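Undergrad: give me the fold of what follows.
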Amino acid sequence: MTDNGGVATRGAFPVDRDPACPLDPAPEYRELREQAPIAPLSCPIGLDAWVLTRHEDIRTALVDPRLSSRGAPSNHVVPNADPDEPVAPGVLLRMDGPAHSRLRRLLTPEFTVKRIQALRPKIQRLVDEHIDAMLASTEPVDLYRDFALPIPSLVICELLGVPYADRDSFQHQTTLLVGVGGDPGATAVAAMQVQQFMAQLVLAKMEHPEDDLLSRLIRRAQETGEPLTVEELVSLGVTLLIAGHETTANMIALSTLALLRSPDQLAALRADPELAPGAVEELLRYLSIVHFGLFRYATEDVEIGEETIRAGQWLVAALSAGNREESVFPDPDTLDLTRNAKAHLAFGYGVHQCLGQQLARVELQEVFSRLYTRIPTLRLAVPFEDIRFKHDALVYGVRALPVTWD
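TA: Coordinates of the predicted model:
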């Protein structure tokens, strides 16, 4: 066992959801939350860390500047990961302090509520066009491939100025990059390819800027007197490209499956599409697709709850566990679209809270308010037991979702 500065290991970090209840977090989290809410566990990479399972403790940790994000968010479960690897320029998710704030300030104007709301009519059209295409196709269709994946991909491509014709390539690369336990060689090649693709795009934007996020980011940084380097822009572009479609695509498909498994909730949403904003928050809480949590490193001693996290120790904020805490969300294992779930942790918390959360919300709202009313008899085309889940990916979801309708 790794000593990790004196953490006494009690057990193994939960990595698998219960096959009998694949929409729920790993069952071990409930026991941990009740008996040892800040528990020393051994992570899959052989490193020991404190694992936080209470909502309040997680929020406390994620706002504490003494807990660094220098390790990639889920490096505790990625084989051969080196959490002490130097942070490359522009890797926003692994940066802290002024360096992180500088990049965050440059990006924030692109994700204001006003700017994202201006995209709503286009997102509505995309949703309707893809529903039209499904209705015109031969049943059954794969809702993940034919609907959930292309909508956020089209949106992020337009935002970044990425040619949508390149989607098959970057979607394939992304699948490898967010996987856990795959072929390290294939993952390395995918990382290299997506970096090369983004580098070519960045250089083109620097030479011939257009009206897109990358071009505006380049100009905005130049106006501050501290231009972004090509390496920084490539890292930021790759992060936005992956986060901008992978998480939302999985949320659309997994949410649809959850609603089909809760027909009373689906009927309520179908009867009143105005429930969509609240439904988004509740499904984000209920599903918690960043299911391995967030990895943090203590740069100083930190008191959380009744434990002291010593300098040099690691911790994991188990978001899915916090999102199912009974004292915060009564009857937490029940999907309730009327619940006030705004306190959920699905987007993280603190300075590293998901920058694109408003975009994800609008995309999900438009899907939830349109798909189930336009196809009211939507149902699974295969038994639930035949659905394959992404247990080995950093972003949880389904590999395919065959659906049909009357």
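Undergrad: now do the contacts for Thr175.
TA: Ala393 (CB atoms under 8 Å, 6 or more residues apart in numbering). Glycine gets a C-beta too; all of them are placed from N, C-alpha and C.
Undergrad: ok, which stretches of the stretch 151-300 of the chain are helices?
TA: All helices of the stretch 151-300 of the chain, identified by DSSP state H, counting those that start in this stretch, fall at 167-177, 184-207, 213-223, 230-261, 263-271, 276-287.
Undergrad: comparing those helices, which gets the lowest mean pLDDT score?
TA: For the helices of the stretch 151-300 of the chain, mean pLDDT drops lowest on helix 167-177, to a mean of 79.
Undergrad: what are the buried residues along it?
TA: Buried residues in helix 167-177, counting neighbours by 16 or more other CB atoms under 10 Å, are found at 167, 170-171, 173-177.
Undergrad: I'd like the helices of the stretch 151-300 of the chain laid out as TSV, including distance to Asp333.
TA: Shown next, in TSV, are these (distance: least, CB to CB, whole Å):
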stretch	distance to Asp333
helix 167-177	30
helix 184-207	34
helix 213-223	39
helix 230-261	12
helix 263-271	14
helix 276-287	8
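Undergrad: Ile131 is nearest to which of those helices?
TA: Ile131 sits nearest to helix 230-261 of all the helices of the stretch 151-300 of the chain, at 12.2 Å, using CB to CB.
Undergrad: what is the orientation angle of the closest one with helix 213-223?
TA: Interaxial angle of helix 230-261 relative to helix 213-223 (axes from the mean of the first three to the mean of the last three CA atoms, to 10 degrees): 140 degrees.
Undergrad: these two touch, right, Val234 and Ala199?
TA: Yes - Val234 lies in contact with Ala199 (CB atoms under 8 Å); the separation is 5.0 Å.
Undergrad: who's more crowded, those two?
TA: Val234 (24 against 16; other CB atoms under 10 Å).
Undergrad: what about that one, distance to Pro65?
TA: 27 Å (CB to CB, to the nearest Å).
Undergrad: residue contacts, the closest residue in space to Glu281 that isn't next to it in sequence?
TA: Distance criterion CB to CB, 6 or more residues apart in numbering; nearest residue to Glu281, sequence neighbours excluded, is Ala341 at 4.3 Å. Neighbouring residues of Ala341 by CB under 8 Å, 6+ apart: 278, 281-282, 284-286, 329.
Undergrad: would you mind giving the residues you listed as JSON lines with neighbour count and distance to Ile309 added?
TA: Below are these laid out as JSON lines (neighbours: other CB atoms under 10 Å; distance: CB to CB, whole Å):
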{"residue": "Gly278", "neighbour count": "19", "distance to Ile309": "35"}
{"residue": "Glu281", "neighbour count": "19", "distance to Ile309": "30"}
{"residue": "Glu282", "neighbour count": "24", "distance to Ile309": "31"}
{"residue": "Leu284", "neighbour count": "23", "distance to Ile309": "27"}
{"residue": "Arg285", "neighbour count": "25", "distance to Ile309": "26"}
{"residue": "Tyr286", "neighbour count": "28", "distance to Ile309": "29"}
{"residue": "Phe329", "neighbour count": "22", "distance to Ile309": "26"}
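Undergrad: all strands of the stretch 251-400 of the chain, in order?
TA: 294-298, 302-304, 307-309, 314-317, 379-380 (DSSP state E, counting those that start in this stretch).
Undergrad: quickly compare those strands and say which is most buried.
TA: strand 314-317 (a mean of 26; mean count of other CB atoms under 10 Å).
Undergrad: that strand - what's its average pLDDT?
TA: According to the model, strand 314-317 has a mean pLDDT of 97.
Undergrad: re the thing from before, of the contacts of Ala341, just say which sits nearest to Asp16.
TA: Tyr286 (18.4 Å).
Undergrad: for the closest one, which non-adjacent residue is closest in space?
TA: In space, and not counting its chain neighbours, Tyr286 is closest to Leu335: 5.2 Å by CB to CB, 6+ apart.
Undergrad: mind listing what that neighbour touches?
TA: Leu335 is in contact with 258-259, 262, 265, 282-283, 286, counting by CB under 8 Å, 6+ apart.
Undergrad: could you do Arg54 as well?
TA: 33, 37-38, 305, 321-322, 325.
Undergrad: identify the residue nearest the residue most central in space within the chain in space, chain neighbours excluded?
TA: Residue closest to the mean C-alpha point of the chain, counted by CA atoms, centre = their mean, is Thr247 at 4.4 Å. Sequence neighbours aside, Val395 is the residue nearest to Thr247 in space, at 5.5 Å (criterion: CB to CB, 6+ apart).
Undergrad: just name the shakiest helix or strand of the chain by mean pLDDT.
TA: The helix or strand of the chain with the lowest confidence, counting by mean pLDDT, DSSP states H and E, is helix 167-177 at a mean of 79.
Undergrad: now do that one against helix 184-207, angle only.
TA: If you take the same axes, to 10 degrees, helix 167-177 sits at 130 degrees to helix 184-207.
Undergrad: thinking again about what came up before, and the residue nearest to Tyr286, how far is that from Gln196?
TA: For Leu335 relative to Gln196 (CB to CB), the value is 42 Å.
Undergrad: check Glu210 too.
TA: Counting by CB to CB, the gap from Glu210 to Gln196 is 21 Å.
Undergrad: check Thr174 too.
TA: Thr174 is 15 Å from Gln196, where distance means CB to CB.
Undergrad: isn't Asp96 up against Arg66?
TA: No - between Asp96 and Arg66 no contact is recorded; they are 9.8 Å apart, counting by CB under 8 Å.
Undergrad: between those two, which one's more packed in?
TA: The residue with more neighbours, out of Asp96 and Arg66, is Asp96; 18 against 15, by other CB under 10 Å.
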